[in-house]
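Visitor: okay, predicted coordinates and the sequence, questions at the end:
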Amino acid sequence: MTRTTMVRRAAAVLVGLCLALSSAVVTAAADTLDDRNAAADSSVAQSQALVSASADELNAASARVEAARVSLSQAQSALGTAEAVALQAAQDLADAQAVDAQKALELQEANEALAQAQADETAAQQAVDAQQDAIGAYARAIYQDSLPLVAIASLFDADSVTSLGNRIQWTTTILDTNNRIREELEVSHAALVRGRLAREDAQAKADEAKAAAQAQVEATQDAKDAADAAEAQAQAARDAVQNALNEQVAAQEAARQTLEANKDRLAQAQAEKAAVVAAIEERARQEAAAAAAAAAAQGGSGSGGPVPSGNWLTYPVTPVIISSGFGWRVDPISGASAFHNGVDFAAACGTPVRAAASGTVVTKRWAWDGGNELYVDHGWIGGNHVITSYHHMSGYAVNAGVWVSQGQVIGYVGTTGYSTGCHLHLILWLNGTPVNALGYL
Ligand SMILES: [Zn+2]
C-alpha cells in the first residue's frame, strides 16, 4: 500500500526517442543502471549500519557523561564537607593560639612572682644568717664573761650604755636584747619558709600553665594539618572528576558529530537510491512504450487501443481484502499527500501470491521502496503492452525468465521495503503507465 512513486504518463515524444535507441545502447544503459542500483543499495545499507553504530556510541557517551556528572556532584559535596571541617579546624587553632597567648601571659606573671619569691627568700636567708651570727657572738661573750665593752656598746641603745655600771642591770639588758634578736630571727625564718613555699608554688604554676598551653597548641595544630590535608585530597578528587567529565563531554560531542555526518551520508545514499529507482522505472516505461510502438508498426491492433473490459485478471491473493485503492491519498508513513500507483491487498505474511494473468517473469529485484518485487510481462492485449508487478513480498516462488500461468504461485506476501505491514501491492501497467487494476479484476 505504500509505493508512492509518481510515474508520469508516457508521452509520444518519448516513444519516438525510444525507437531511435539501439538495443546495444539500451543494454549498456541497463548495465549501468543495475550497477548504480546495486551500489546504491550497498551504500544505503552501509550508511544505515554506520548511523546505527554511531547512535549507539552517542547513547553510550551520553550515559558516561551522566555518570560523570553524578560523580562530580558527589565529589563537590565531599569537598564542601572537607572545606567546612578545615574552616572549623582553623577557628579551633585560632582559639587555641589565643589560649596559648593567655597562658604565656600567665607564665610571665608566674615567672615574675617566682623571681620576687626568690629575692624574698634570699633576703630572708641573709637576715637569718646575720641574726644567727649576732646571737652566736652574744652567746660566746656572755659565757666567756669577757665582753669587750666597745663591741658590746655597738650592739645596744645609747640609754642602755649609760647604766653600764650596774652588772645586774647590764646582764638583764643583754638578755632582753638577746630575746628581741631571737624573736626577729623567728620572724625572718618564717618569712624564709614562706618565700620558699611561694617560689615552689609559682614554679609549679608556671610549669603547669606552660605545658597546658603547649599541649593545646600542638593538638590543635595537628587537627588543622589533618583537615587541610583532607581538604587538599577532596580538591584533587573533585578536579580529577571534573577533568573526566570534560573528557566525556568532548567524547559525547565527537559522537554527536559522527552521527550527524553518518546521517548526512545516509541521506545522500537514499537520494541516490531514489534517483536510480526513478531511472529504472523510466527505463521500464520507455521499453514498454517502444514495444507498443513496434507492435503497431508491424500492423498490430494499434498503439493505446482500448483494453478489453472485464475480469481478464484474476486476484493475486485470496481471500480478497482491499486495504487501499488506486489514486491520490495520504501516505500512511510520511503523512504527505501522495499518488498510490497500485492496489493493496491485505493478507498474512507468507500467503501465496499468484500471477494475475499468464506471462513471462521479466524482472525479479530488490527495491528500497517496493522491497522484493516481481514483474510479469503479459504481452499484448487489445493493442496495449500489459505488465503486472507484485511488491513487498517476503520471498519468491519462481525465477526471472520463466513462463507462468494465470493463478500460478509466484511469491509470498511480505512487508519488505517501504511498508507498514503484511500486504501485497499490485500494479497494472498499460504501455508503461500504472492504471487501476480493479477495473480488470
Ligand atoms: Zn500499496
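Guide: Nice, I can see it.

Visitor: can we go C-alpha only for contacts and neighbour counts from here?
Guide: Noted.

Visitor: mind listing what's buried in stretch 269-288?
Guide: Buried residues in stretch 269-288, counting neighbours by 16 or more other CA atoms under 10 Å, are found at 269-270, 272-274, 276-277, 280-288.

Visitor: what of stretch 108-126?
Guide: By neighbour count on 16+ other CA under 10 Å, the buried set for stretch 108-126 is 110-111, 113-114, 116-118, 120-121, 123-125.

Visitor: and the contacts of that stretch?
Guide: 188-189, 191-196, 198-200, 202-203, 205-206 (CA atoms under 8 Å, 6 or more residues apart in numbering).

Visitor: just the ones of those in helices?
Guide: Counting by DSSP state H, the contacts of stretch 108-126 place 188-189, 191-196, 198-200, 202-203, 205-206 in helices.

Visitor: hang on, the earlier thing: filter the contacts of stretch 108-126 down to the buried ones and hand me the ChimeraX line.
Guide: Restricted to buried positions by 16+ other CA under 10 Å, the ChimeraX selection for these reads:
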select :188,189,191,192,194,195,196,198,199,202,203,205,206
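
Visitor: show me which pair in the contacts of stretch 108-126 is furthest apart.
Guide: 188 and 206 (26.4 Å; CA to CA).

Visitor: out of the contacts of stretch 108-126, who's near the ion?
Guide: With CA under 5 Å from the ion as the criterion, the subset of these in contact with the ion is empty.

Visitor: any idea how far the residue nearest to residue 315 when sequence neighbours are not counted is from residue 406?
Guide: Leaving out its chain neighbours, the residue that sits closest to residue 315 by CA to CA, 6 or more residues apart in numbering is residue 356, at 6.0 Å. Look at residue 356 and residue 406: by CA to CA, to the nearest Å, they are 6 Å apart.

Visitor: swap in residue 238?
Guide: With the distance defined as CA to CA, residue 238 ends up 78 Å from residue 406.

Visitor: those two - which one has more neighbours?
Guide: The residue with more neighbours, out of residue 238 and residue 406, is residue 238; 21 against 17, by other CA atoms under 10 Å.

Visitor: part of a helix, is that one?
Guide: Yes: counting by DSSP: H, G, I helix; E, B strand; the rest coil, residue 238 is found in a helix.

Visitor: what's the closest non-adjacent residue to it?
Guide: residue 75 (5.0 Å).

Visitor: was I right to think that neighbour contacts residue 240?
Guide: No: counting by CA atoms under 8 Å, residue 75 stays clear of residue 240, with 9.3 Å between them.

Visitor: and those two? which has more neighbours close in?
Guide: Ranked by neighbour count (other CA under 10 Å), residue 75 and residue 240 place residue 75 first, with 21 against 14.

Visitor: can you list the strands that the stretch of helix or strand residue 390 belongs to pairs with?
Guide: Residue 390 is part of strand 384-393, with elements assigned from DSSP states H and E. Applying DSSP bridges, strand 384-393 is found paired with strand 371-381 (antiparallel), strand 423-430 (antiparallel).

Visitor: that one: what's the following helix or strand?
Guide: By DSSP H and E, the next helix or strand past strand 384-393 is strand 395-396.

Visitor: return stretch 423-435 as CSV; C-alpha atoms alone will do.
Guide: Taking C-alpha atoms only, stretch 423-435 is exported to CSV below (Å, rounded to 0.1, in the frame of the first residue of the first chain):
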residue,chain,number,x,y,z
HIS,A,423,0.2,-6.9,2.3
LEU,A,424,0.6,-7.2,-1.5
HIS,A,425,0.9,-4.1,-3.6
LEU,A,426,-0.2,-4.9,-7.2
ILE,A,427,0.4,-2.6,-10.1
LEU,A,428,-1.1,-3.0,-13.5
TRP,A,429,1.0,-1.3,-16.2
LEU,A,430,-0.5,-0.4,-19.6
ASN,A,431,2.2,0.7,-22.0
GLY,A,432,4.5,1.6,-19.1
THR,A,433,1.8,3.5,-17.1
PRO,A,434,0.2,2.3,-13.9
VAL,A,435,-3.6,2.1,-14.1
